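A.B. asks: Pasting a predicted model and its sequence here:
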Amino acid sequence: MKLSEIMKERTAFSFEVFQPKTDKGMSKLPDTLGHLCKWKPDYISCTYGAAGSGARKNLDVCKLIQNAGTIPVTHFTIIGNTRETIKEQIQDYLDNGVNHMLALRGDLPFGCIGTGGDFEYATDLVAFVRKEFGDQMEIAVAGSPEGHIACKSPEADIAVLKQKQDNGADYIMTQLCWDMEKFAYWLDAIRKAGITMPVDVGIMPVLDQAATINMALSRNGCAMPQELTRIISENWIFPNPFVKDPFDTDVEGKKARFKEAGIEYTMKQIARYRALGVEGIHMYALNKYEDVSAIIARSGMRTIV
Ligand code: FAD
């Protein structure tokens, strides 16, 4: 069954993992996936290496996801890809039973201004895959509730999203967004723009101070509500959470209190999203299962979903 069809019937639930960089990371992944699958996710997606690297490893991760007992969704970017390499890789996925993808432009490699491939935008990839492969692939696309960092305007970004739908995309996976007012405004705006695709919301669990700041600001320009900045400030590791050897005398205590407050915050956020009527909850598992499992268990989400 298509995931977008599941989302039209009930709220879907899923995880995202990334391609491990090392063999050790890869060898740990089956255990992690096994634990995540105990929550019976509708699917697990796997990131595509930055700058189009590691496509082969990405397929290996998809196979591990299949073996763990759920549907793999491969992320796929146009960075450095030609029409031919896209065709070859998509065929390879299909031949291996992977028929769900997230069609992305991809993060531009540091210092580059273009994709270095045949296409410049995700809209082109969606149209190309539909033309070449018909309905064999279910296609998700990225949505940015706060507007993509490089978009000309929020309205222009929504017009791009409509184009993705018109080109044949099936559903939306969103960028992380902590600002619920902005999210609600965007949800209303895309529906008014005629975008009917289900919205699967990306949830970044708030677990680590440096990672939380990094995810928000290094690429995405995400707003952090005061409720979140207070948690960061109350547990600030001095001189700052990015240094390797902080002089703070309570590093471990602050990390633990930050994580606990972050778990509570993430649980509240999931409830707020669900109250807005989103069609899917997609948790970035960060290749670990303990903390996300705590969030799922304590929120009662899997008994509600
Ligand atoms: P696009 O939709 O192509 O948009 C990029 C920019 O161009 C936007 O500002 C848009 O408004 C503008 N634009 C689009 N079309 C046009 C047009 N025709 N004319 C003018 N302007 C246009 N990156 C990875 O490298 N690997 C991953 O695995 C990965 N996973 C992700 C998962 C999710 C859920 C999300 C939300 C993002 C992910 N990313 C990943 C990051 C993503 O690749 C970046 O956000 C990237 O900068 C934009 O991708 P996009 O598909 O939204 O691009």
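C.D. replies: Nice, I can see it. Residues are numbered from 1 along each chain as shown.
A.B. asks: Below-threshold pLDDT in this structure: ranges please.
C.D. replies: Residues of the chain meeting the criterion pLDDT under 70: 50-54, 304-305.
A.B. asks: what are the phi and psi values for the residue sitting nearest the centre point of it?
C.D. replies: Among the residues of the chain, the one closest to the centroid is Gly202, at 5.0 Å (Cα atoms, centre = their mean). Phi and psi for Gly202, reported as degrees, to the nearest 10, are phi -80, psi 120.
A.B. asks: how near is it to Asp124?
C.D. replies: Distance of Gly202 to Asp124, given as Cβ to Cβ, to the nearest Å: 23 Å. For the C-beta atoms, the positions are set from N, CA and C on the backbone; glycine is no exception.
A.B. asks: doesn't Glu16 make contact with the residue nearest to the centre of the chain?
C.D. replies: Yes - using Cβ atoms under 8 Å, Gly202 is in contact with Glu16, at 7.4 Å.
A.B. asks: so what sits against both of those two?
C.D. replies: Counting by Cβ atoms under 8 Å, 6 or more residues apart in numbering, the shared contacts of Gly202 and Glu16 are 282, 284.
A.B. asks: Now Ile232. Its backbone dihedrals?
C.D. replies: Phi and psi for Ile232, reported as degrees, to the nearest 10, are phi -70, psi -50.
A.B. asks: before we move on, what about Trp39?
C.D. replies: The phi/psi pair for Trp39 (degrees, to the nearest 10) reads phi -90, psi 10.
A.B. asks: picking up where we left off before, for the residue nearest to the centre of the chain, give me its contacts.
C.D. replies: 16, 173-177, 282, 284.
A.B. asks: which residues of the stretch 201-305 of the chain fall in helices?
C.D. replies: Secondary structure of the stretch 201-305 of the chain (DSSP state H, counting those that start in this stretch): helices located at 209-215, 226-234, 251-275, 290-299, 301-304.
A.B. asks: out of those, which comes closest to Asp31?
C.D. replies: Across these, the minimum distance to Asp31, taken as Cβ to Cβ, is reached by helix 290-299, at 11.7 Å.
A.B. asks: That closest one vs helix 251-275, what angle?
C.D. replies: Angle of helix 290-299 versus helix 251-275, following axes from the mean of the first three to the mean of the last three Cα atoms, to 10 degrees, is 50 degrees.
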